[in-house]
Each structure stands twice: as structure tokens, then as C-alpha cells.
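J.: Quick one: sequence plus predicted model below, questions after.
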Amino acid sequence: MGSGENQSPASEQNGRIIKLLYYPPHKVAENYRNATAYPLKSDLIWAVQIESNKGLNLKRCDVRLEACIFSDSMALKPLHNIWIRRQQCPCGDWKCYIKYEGDDPSTAASQSVKSDFPISSSPEVVFTPYVGQIFKSDDEAFEYYSNFARKNGFSIRKARSTESQNLGVYRRDFVCYRSGFNQPRKKANVEHPRDRKSVRCGCDAKLYLTKEIVDGVPQWYISQFSNVHNHELLEDDQVRLLPAYRKIEEADQERIRLLSKAGFPANRILKVLELEKGVQPGQLPFIEKDVRNFVRSSKKIVQENDTNLSMKGDNDLLELLEACRAAAEGDDGFAYNFTTDDNGKVENIAWTYGDSIRAFSLFGDVVTIDTSYRSITYCMILAMWFGIDNHGHPILFGCTLLQDETSKSFSWALQVFVRFMRERQPEIVITDMDPGLRDALAVEMPRSKQIIPTWQVISKVPSWFSLQLGVQYSNFKSEFDMLYHLENVEDFEHQWNNLVARFGIGSDKHISLLFSYRTSWPFCYVRNFFLARTMTSEYSKSTETFLRKILSMQSLRCFFKQVAIAAKFGSQKSELLYLPTKTCLPLEEHSRTVLTPFAFSALQHEIVLSMQYAITEMANGSYLVRHYKKMEREHLVIWIPDDEQVHCSCKEFEHSGILCRHSLRVLVVKNYFEIPVKYFLLRWRLESSLIPLDGQIITNGNDEYSQAFHSLTATLFSESFLSKERFNFVHGELTQLLEHVQNIPVSDQSKSPNIAIKS
Ligand SMILES: [Zn+2]
Ligand SMILES: [Zn+2]
Ligand SMILES: [Zn+2]
């Protein structure tokens with residue numbers, strides 16, 4: 001960026017940009033008398049303070065040009081953006097947080113720290129120091145004595161040192177932590193009088209070192225040593241807590257800073273670290289007070305940089321806004337929106353792409369709003385809007401950065417989103433439990449049903465109940481797991497009450513929370529809603545991968561670019577699998593030509609299983625369908641021949657848009673050779689694909705291809721089973737062959753085999 005032909009006022013001066021200011025016009029005039037402010041496309045005004053040989057100077061400038069300069073300016077490098085998973089509990093209690101399993105970026109670092117830390121019970125022996133013992137340096141001696149002290153229940157400190165002009169420091173005195181007496185302080189510490197209680201009792205235990213030069217090399221020897229104490233020595237678990245042995249390792253410092261920035265108080269930070277490292281309470285190499293002191297001292301540094309840092313952060317956001325402006329000019333479909341506070345500081349920002357809006361018109365029935373990440377660098381919540389396409393891939397509908405998680409911010413996000421999507425609202429919104437979002441949805445999208453995936457609920461259950469229930473927890477958990485699978489609402493509510501009463505948790509706030517969300521998560525409440533196969537673990541895994549890729553970007557600028565890449569349909573590899581038919585049913589064959597491989601494979605599974613069901617015609621024209629082994633409850637299918645309707649009590653079609661095995665069984669018996677068109681939802685059809693497809697994939701040529709393979713492999717099987725030797729040979733060769741085939745790259749031209757097959 002920053003091409004030479006764009007001469008901006010700032011670059012004309014050859015000055016260094018010191019500060020980027022953004023004020024509404026009247027503020028610029030107020031603060032900088034010699035600066036003229038003028039409104040640009042938005043109400044944002046950029047002014048630049050420039051340092052040049054003429055001194056400090058303020059200039060107004062064009063947003064676009066200055067953004068270019070800033071991109072190149074070393075003075076304002078974008079901040080390193082850090083995303084953290086939100087851990088705040090939806091119950092709203094600040095002291096309550098959720099610990100997610102396997103989601104701990106600091107584990108590796110903390111574990112190495114843990115093993116480095118000298119553990120008092122380790123078998124390593126430290127011999128008693130003796131007069132005349134030699135060390136290479138005074139530091140080495142200090143460390144040795146310190147280890148010895150730790151093993152023996154006390155700690156040491158450096159007392160005096162003596163130096164001369166030609167030798168430098170030639171004597172060092174190390175003493176017991178309780179040596180000497182406390183000096184009475186002139187000013188009593190009124191705030192923390194207890195902190196001032198001295199441990200010093202005049203103990204005479206000590207180790208004195210003297211330096212000498214031997215053959216021109218300095219060395220230190222022990223000139224005096226005493227291990228006689230006039231006080232009790234501490235046990236292992238007490239000595240650990242002496243200030244000298246309490247230490248916050250660097251990796252922990254980083255984590256503490258992060259947590260503190262995210263608003264965690266010292267006691268909770270300590271708790272988080274204990275949980276993360278899997279240590280018992282109180283077993284960390286530092287205590288709450290150390291955390292508090294550390295946070296206090298690092299806050300001082302942060303405060304010093306704070307103005308600078310927040311200015312940089314604001315600049316990055318303005319740059320993001322500028323990137324949106326540029327994108328809007330390059331892409332007709334691109335849309336964005338933002339809010340600013342009274343000082344013109346960006347609060348919320350949302351954007352979407354032409355491709356996303358187009359995708360929404362086809363696949364906007366079910367929308368996931370992911371709000372699980374927060375940027376601690378910019379203090380913003382990320383809300384990502386996803387959908388699922390006809391191939392089962394996640395698609396991005398839009399991206400929102402919000403200043404907080406209040407219902408006001410979410411309301412804004414929802415309004416903007418609906419405007420982006422041409423006033424169309426999704427039927428289903430899938431979210432996590434988030435009170436702010438729930439309230440906003442109720443107001444802004446009252447017709448959309450909120451659904452919470454059960455895995456979102458389950459992932460919070462251990463944090464909520466495992467400590468509280470103790471040994472009873474595993475019983476509770478297995479009963480809880482049965483509960484949310486129940487098919488019937490009455491059963492669910494009845495058993496819920498039983499469970500709550502049995503474990504005595506009726507007044508628990510998390511139980512009330514779960515129950516207040518009950519119409520959004522248990523199977524019996526959500527089974528009647530169309531969720532477009534978004535509840536599968538494959539889908540949640542692919543959205544997580546999708547998110548992680550975007551969140552790995554270190555600067556906001558790269559983040560924006562990555563989101564744009566992710567939003568493009570072409571970026572998603574379309575793996576159009578060739579799926580051979582498994583039955584001779586014409587309706588299977590026909591479905592394959594209509595549905596995408598993703599939807600077809602789901603339907604095919606049902607078709608194959610439908611053959612295991614028996615049907616009984618009832619008097620009123622309905623059918624009882626049951627498994628031949630009666631492994632599951634029977635289902636009632638109603639078939640209305642006049643307008644080719646089929647309804648099953650399992651509600652699978654209503655839920656996923658794929659006909660169930662029970663309905664299929666009835667259709668086959670009723671001589672259907674094709675499934676009625678209305679049971680091929682537009683959103684699962686091949687024709688709905690956002691990227692043009694290779695038409696050959698489902699042609700008959702492939703069937704010949706497949707049949708040729710079938711007969712070849714059938715012969716290979718029967719021949720190779722005739723002897724063990726044959727079998728081993730074929731097995732080995734086939735394994736190698738498969739490996740070889742998998743290494744042949746698949747290019748777009750050669751994706752579909754269109755070759756003559758020789759028999
Ligand atoms: Zn809670
Ligand atoms: Zn002592
Ligand atoms: Zn069914």
C-alpha cells in the first residue's frame with residue numbers, strides 16, 4: 001500500500017506520524033485551533049499530528065490516504081490481537097465461570113514450568129555447607145544455600161556485602177530469614193497493620209562468603225557457617241509459602257495478565273491456574289497475595305502505556321473500518337455498518353459479503369450465531385454468523401465485533417444483520433446460553449426459534465455440578481444424560497423434577513437457568529424444529545475449524561482478510577464424492593440425481609435401514625411401522641395418496657429435511673419409484689449449489705465405472721479366499737495400491753473419470 005502517486009498532506013511534510021486523532025468536527029476545532037475539520041463520508045474525521053523539522057504539527061487528512069501511510073508506518077504497528085474463549089457463566093454471577101475441557105492454550109507452557117519448579121519432596125540431596133567449601137561464583141553459592149535452607153525449613157536473604165577498589169565485592173553475607181530485628185517504622189502502616197508484623201527474631205544462622213583470586217581466577221569460599229536457629233523450622237508444605245520460594249514463572253505471568261485483563265480478580269485467577277495445572281488448592285508456587293501484587297505492579301506499566309495502547313487499538317479499528325469502506329467500493333454486495341461514541345470512537349462494527357447475502361437467500365433458514373470468543377486486545381466480543389449449505393459445509397453469513405455482551409449491543413447486531421439480509425429473518429437461531437443475546441432475540445427476532453445445541457449445555461455441566469455434588473456427580477451425570485434424550489415433554493418435566501428433588505438441588509441457580517432455557521435444548525422440545533443437520537458433531541467440528549483459522553490471525557487487518565477468504569464460496573473445497581447405490585430400488589437411484597452427496601448419503605442410510613421394517617396397515621389408512629427385531633418403539637406413518645403426502649411420528653423429515661426409514665418403507669410398499677418432489681428440500685438439492693458443479697459426477701458413465709469395479713473386486717475376493725497364501729498376497733498388494741492411489745493428486749479437470757472401461 002502507500003503508492004507514490006497519492007500525495008497526502010502528511011507525507012508532503014516528510015514527517016513522522018506521532019498520533020492519529022479522530023474527533024467529530026467540533027471537537028477538532030475545540031482542541032486544535034489551527035486545524036480545520038471537515039466531515040468525510042462518515043462522521044469520522046481523522047487528523048494527524050506530525051513531527052517534522054518544523055516541530056509538532058496537526059493536519060487534517062483524507063481517510064484513505066492516511067490509512068495507506070499508517071499501514072507502512074512503523075510508529076503505529078497494529079496490535080497483536082489475542083482471542084480468548086469466553087468463560088463467563090450465563091448465570092450472570094461474576095464469580096462463576098466455565099472451564100472447558102481441552103481448551104487450554106497455556107497447558108504446555110505451564111506444565112514445563114511445573115516440572116522445572118523445585119519440589120520440596122524431591123529426593124535430590126543437598127549437603128550441609130562447610131567452611132572452606134568453594135564456589136565458582138557468589139550466585140552459585142547463594143543458590144546452593146537457598147536449596148539447603150528450603151530442604152531444612154527456612155529461607156535466606158542477602159545481608160551485607162563489602163567491596164574494595166581493586167577486588168570489587170569480596171565478601172557476601174547470607175543470613176537466615178529471621179535474622180536481625182525489625183526496625184521500628186517512623187510511619188505506621190495504617191492500611192495494613194498486620195502485614196507489618198515482623199518474623200525477625202535475631203536468629204544467628206548464616207553463611208559468609210569471601211572471594212579470593214587463585215591463579216588469576218576469582219573464586220568464592222565459605223568463611224563462616226552456622227546452622228543454629230533460635231526458632232522452629234518449617235515443614236515442607238509451610239516452607240513452600242515463604243516469600244523467598246514463592247515465584248510466578250513467566251508463562252504464569254502471561255496467563256495472569258490475560259486473566260486480569262479479562263476482569264478476573266486475584267482469587268479467581270489463582271483458582272483458574274490451579275484448575276489448569278491440575279493441582280490441589282494451595283499447591284501453586286505462589287499465593288493469592290503474590291498474584292495481587294503482580295497484577296498491581298504490572299498494571300502500573302500497563303497504565304503508562306495505556307493511552308498509547310488504547311490509541312493504537314482505536315486506530316486498528318478505524319483501519320478496519322477503512323478496509324470495510326474499500327471493500328464496499330470493490331464489491332457491490334459488500335455491506336457494513338458501525339456505531340461510534342460521542343468522541344467518534346468505534347463501538348460496534350458488522351459486515352457481510354455479496355456471496356453471504358446470496359447464500360442466505362438459499363440457506364438462511366437455520367443460522368448459528370457463535371459468540372464464544374472475545375478479543376482481549378480490543379475488548380470486544382466476536383459474533384460470527386454461520387449457516388450450513390447443501391453440501392453440509394459451514395457458510396459465513398456475517399461478522400460482528402461488539403463492545404460488550406449486553407442485550408443492547410446484540411440488538412444492534414441483530415437489526416443490522418436483518419437489514420443486510422434484505423429484511424429476511426432466519427427461522428432457527430442456534431446460539432450458546434447467553435442472556436444478552438436471548439433478550440435481544442426476543443425483541444428483534446420474535447419469530448425465530450432459539451435453539452441451544454446439547455453439547456453447549458453438556459460442556460458446562462461439570463463446572464456447575466461436579467464440585468457441588470462430589471461423589472454423587474457421576475450418578476447425577478448419567479441420569480442427566482438420559483433425561484435430555486427423552487422424546488416426550490411430560491416425561492422430561494416429570495423426570496427433571498425427580499432428579500432435582502433426589503439430588504437436593506432445587507434451589508440451585510444453574511438448575512433454574514437450565515430449566516428457564518428448557519424449550520431450547522432438550523430433544524423433546526427441539527425435535528419438531530427444522531435444524532438442517534446442524535446438530536451433528538461433524539458440523540460443530542467444521543465450524544470450530546473454520547473459526548480457529550480466522551482467529552489465528554494476529555492482527556485485525558489479517559483477521560479481516562481471512563474472514564473475506566472464508567466467506568468466498570470458492571475457498572471451500574467441494575468434495576463431490578461419488579456415492580454408488582446400495583440397493584436396487586429405483587427411488588434410491590432417482591434421489592441420487594437430485595440431492596447433493598451429503599444429503600443423499602443421509603437418505604441412503606435411511607433407505608438401506610428401511611428394509612428392516614415391517615408395516616401393518618391400520619383401519620384408518622395409517623401404517624404401523626416397526627423394526628423386525630422390535631429394537632425401538634414403533635412409529636405411525638400416515639400416507640395421503642391424493643396429494644402424495646407422507647407423515648411419520650418420528651418427525652425426522654421435519655427435523656432434518658430427510659425422509660425417515662419408516663416413511664420410505666411405506667412409499668416402497670405403495671409402489672413409489674421416485675420420492676415425491678416435495679420431499680427433496682431445495683436446500684438439499686444439487687441445483688442449489690453456490691458453485692457450479694461438475695455435471696458428470698452423477699452420470700451413468702460413473703455407474704458403468706462402478707459396476708466394472710464391482711465385478712472385478714467380486715472376482716478378486718472369491719479368488720483370494722481360496723487359500724491363505726492368495727489372501728495374504730492380495731491383501732498386501734491392495735494396501736500398497738490404495739496408498740499409491742491416495743497419493744495421486746486430484747485436479748479439477750480429472751475429477752470425474754470419463755474414460756472408456758475395457759472389460
Ligand atoms: Zn454460574
Ligand atoms: Zn534461623
Ligand atoms: Zn419415521
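T.: All right, it came through fine. Residues are numbered from 1 along each chain as shown. Ligands and ions are numbered 1, 2, ... in the order given.
J.: what about the residue of the stretch 651-759 of the chain found nearest ligand 2, neighbour count?
T.: The minimum distance from the stretch 651-759 of the chain to ligand 2, using Cβ to the ion, falls at residue 739 (69.6 Å). No exception for glycine: its C-beta is placed from N, CA and C like everyone else's. The number of residues packed near residue 739 is 9, by other Cβ atoms under 10 Å.
J.: Just the pLDDT for it.
T.: At residue 739, the predicted lDDT confidence score is 89.
J.: what about residue 257, neighbour count?
T.: Residues near residue 257, counting by other Cβ under 10 Å: 18.
J.: scratch that, residue 250 is what I was asking about
T.: 9.
J.: Any stretches of this protein with poor pLDDT?
T.: 1-79, 94-95, 100-125, 184-197, 300-311, 569-577, 692-706, 746-759 (pLDDT under 70).
J.: Ligand 3 contacts on that one?
T.: 635, 648, 650, 660, 662 (Cβ under 5 Å from the ion).
J.: and if we set it to 6 Å?
T.: 635, 648, 650, 652, 660, 662-663 (Cβ under 6 Å from the ion).
J.: center of the protein, which residue is that?
T.: The residue lying closest to the centre of the chain (Cα atoms, centre = their mean) is residue 85, at 4.9 Å.
J.: Give me the distance between that residue and ligand 3.
T.: Residue 85 sits 38 Å away from ligand 3, going by Cβ to the ion, to the nearest Å.
J.: do residue 726 as well
T.: Going from residue 726 to ligand 3 by Cβ to the ion gives 45 Å.
J.: I figured that residue hits residue 720, correct?
T.: Yes: when contacts are counted by Cβ atoms under 8 Å, residue 726 is listed as touching residue 720 (4.7 Å).
J.: Spell out which residues of the stretch 1-150 of the chain are next to ligand 1.
T.: Going by Cβ under 6 Å from the ion, the residues of the stretch 1-150 of the chain near ligand 1 are 89, 91, 93, 96.
J.: Phi first, then psi, for the spatially most distant residue from the centre of the chain.
T.: Taking Cα atoms, centre = their mean, the residue of the chain most remote from its mean C-alpha position is residue 215, at 61.4 Å. Backbone torsions for residue 215, taken as degrees, to the nearest 10, come to phi 50, psi 40.
J.: Could you point out the helix or strand that follows the longest helix seen in the chain?
T.: The longest helix of the chain (DSSP state H) is helix 288-330. Heading C-terminal from helix 288-330, the first helix or strand you meet, by DSSP states H and E, is strand 335-340.
J.: Taking helix 288-330 as reference, get the angle to that next one.
T.: 130 degrees (axes from the mean of the first three to the mean of the last three Cα atoms, to 10 degrees).
J.: got the buried residues for strand 335-340?
T.: Of the residues in strand 335-340, 335-338, 340 count as buried by neighbour count, 16 or more other Cβ atoms under 10 Å.
J.: which residues are contacting the helix or strand following it?
T.: For strand 335-340, the following helix or strand on the C-terminal side (DSSP H and E) is strand 346-352. Applying Cβ atoms under 8 Å, 6 or more residues apart in numbering, the contact partners of strand 346-352 are 314, 317-318, 320-321, 324, 327, 334-341, 385, 397-403, 409, 412-413, 416-417, 420-421, 567.
J.: repeat for stretch 424-438
T.: 90, 92, 360-361, 364-372, 405-407, 409-410, 418, 441, 445, 447-453, 456-457, 460, 513, 517, 529-532, 534.
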